[in-house]
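**Q** Sequence isn't available, so here's the structure alone:
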């Protein structure tokens, strides 16, 4: 099989060793007799996998215990609404620098959730 490399935005190429391990464990994760797709997200087995993933990411990024690692659904565009959902509380105003397509999308999402304004814009340039 010819392996293709993906340099596009979004999902990236994984090492063949990772793909092989995922294939082997898809039907029997850690020898428990079921796949990761079949166990409860509240089970001890899933919690162990989740906690290990958080720990590995913290080690890789050299994050202290002051930080939490969150696994969130969706791509980068989801964050355009997640940020104001979590930080644009009533009575506050969000300020945006409109520097192009992506910042414009972020500002548009914030407008749906609360008061927001463009502090600076290079849109015309």
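**A** Noted; the coordinates are in hand. Remember, predicted model here, so these are calculated numbers, not experimental data. Numbers count the residues shown, from 1 in each chain.
**Q** show me the contacts for the residue nearest the centre of the chain.
**A** Within the chain, the residue whose C-alpha comes closest to the C-alpha centroid is residue 72; the distance, by Cα atoms, centre = their mean, is 4.6 Å. Applying Cβ atoms under 8 Å, 6 or more residues apart in numbering, we find residue 72 in contact with 78, 82. Yep, even glycine has a C-beta here, placed from its N, CA and C like the rest.
**Q** Can you classify it by secondary structure?
**A** Three states are possible here, and by DSSP: H, G, I helix; E, B strand; the rest coil the one that applies to residue 72 is coil.
**Q** ok, it to residue 78 distance?
**A** Relative to residue 78, residue 72 is positioned 7 Å away (criterion: Cβ to Cβ, to the nearest Å).
**Q** Run a quick neighbour tally on the closest residue to residue 29 other than its chain neighbours.
**A** Using Cβ to Cβ, 6 or more residues apart in numbering and skipping the chain neighbours, the partner closest in space to residue 29 is residue 36 (4.7 Å). Residue neighbour count, defined by other Cβ atoms under 10 Å, stands at 17 for residue 36.
**Q** where's residue 36 relative to residue 49, distance?
**A** When distance is defined by Cβ to Cβ, residue 36 is 7 Å away from residue 49.
**Q** There's contact between the residue nearest to residue 29 and residue 25 in this structure, I believe.
**A** Yes. In terms of Cβ atoms under 8 Å, residue 36 counts as a neighbour of residue 25; the distance is 7.4 Å.
**Q** quick one: residue 40 and residue 46 touch, right?
**A** Yes. In this structure, residue 40 sits in contact with residue 46. The criterion is Cβ under 8 Å, and the distance is 6.4 Å.
**Q** So between these two, which is more surrounded?
**A** Relative neighbour count places residue 46 above the other of residue 40 and residue 46, with 14 against 9, counting by other Cβ under 10 Å.
**Q** tell me which residues in the helix or strand where residue 58 lies are buried?
**A** The secondary structure element spanning residue 58 is helix 44-61 (assigned by DSSP states H and E). By neighbour count, with 16 or more other Cβ atoms under 10 Å as the criterion, the buried positions of helix 44-61 are 49, 54.
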